[in-house]
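fold the stuff below for me.
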Amino acid sequence: LVNDVDYRRNVPYPLGYDRYTRTQFANKDFVLNALDYLVDPDGVIAARTRTVALRPLDKIRINEERTGWQLLNLLGPLVLISAVGGVWQVLRKRKYGR
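Residues are numbered from 1 along each chain as shown. A predicted model of the protein is given here:
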């Protein structure tokens with residue numbers, strides 16, 4: 001078990017301090033915000049009552065571009081995987097073909 005203690009001064013390092021990179025992370029802010037969220041029920045209610053404005057998509061544009069997006073989503077990954085596999089095979093053939 002390792003403690004985060006500065007042995008020269010015999011005091012613990014601050015919360016979120018990485019002694020190897022000497023970087024101060026926002027762990028303290030996170031803990032304080034989490035506690036505030038858990039303790040303050042009014043803040044949760046205010047967040048839940050906020051309304052989100054939905055922006056509907058353009059129906060005409062959806063119908064016009066539907067086939068193109070479907071083909072891209074169907075064939076795009078296949079072409080990408082095939083290209084990577086082809087490059088991989090060429091590199092393996094060059095490396096081990098000698």
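
please make it C-alpha for all contacts and neighbour counts, starting now.
Fine.

domains of the protein?
The chain resolves into domains spanning 5-49, 57-98 when parsed by automatic domain parsing.

ranges for the helices of this structure?
Using DSSP state H, the helices of the chain run over residues 27-39, 41-49, 59-96.

want to throw these into TSV with mean neighbour count, distance to residue 20 and mean pLDDT?
Formatted as TSV, the helices of the chain follow (neighbours: other C-alpha atoms under 10 Å; distance: least, C-alpha to C-alpha, whole Å; pLDDT from 0 to 100):
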stretch	mean neighbour count	distance to residue 20	mean pLDDT
helix 27-39	12	16	83
helix 41-49	10	37	69
helix 59-96	11	39	96
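
now the ones you listed as TSV including distance to residue 13?
Below are the helices of the chain laid out as TSV (distance: least, C-alpha to C-alpha, whole Å):
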stretch	distance to residue 13
helix 27-39	12
helix 41-49	32
helix 59-96	48
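
quick one, grab the pLDDT at residue 3.
With respect to pLDDT, residue 3 has a value of 63.

nearest to residue 9, of the helices of the chain?
Closest approach to residue 9 among those (C-alpha to C-alpha): helix 27-39, 21.5 Å.

for residue 18, list the residues it contacts.
By C-alpha atoms under 8 Å, 6 or more residues apart in numbering, residue 18 lies in contact with 24-25.
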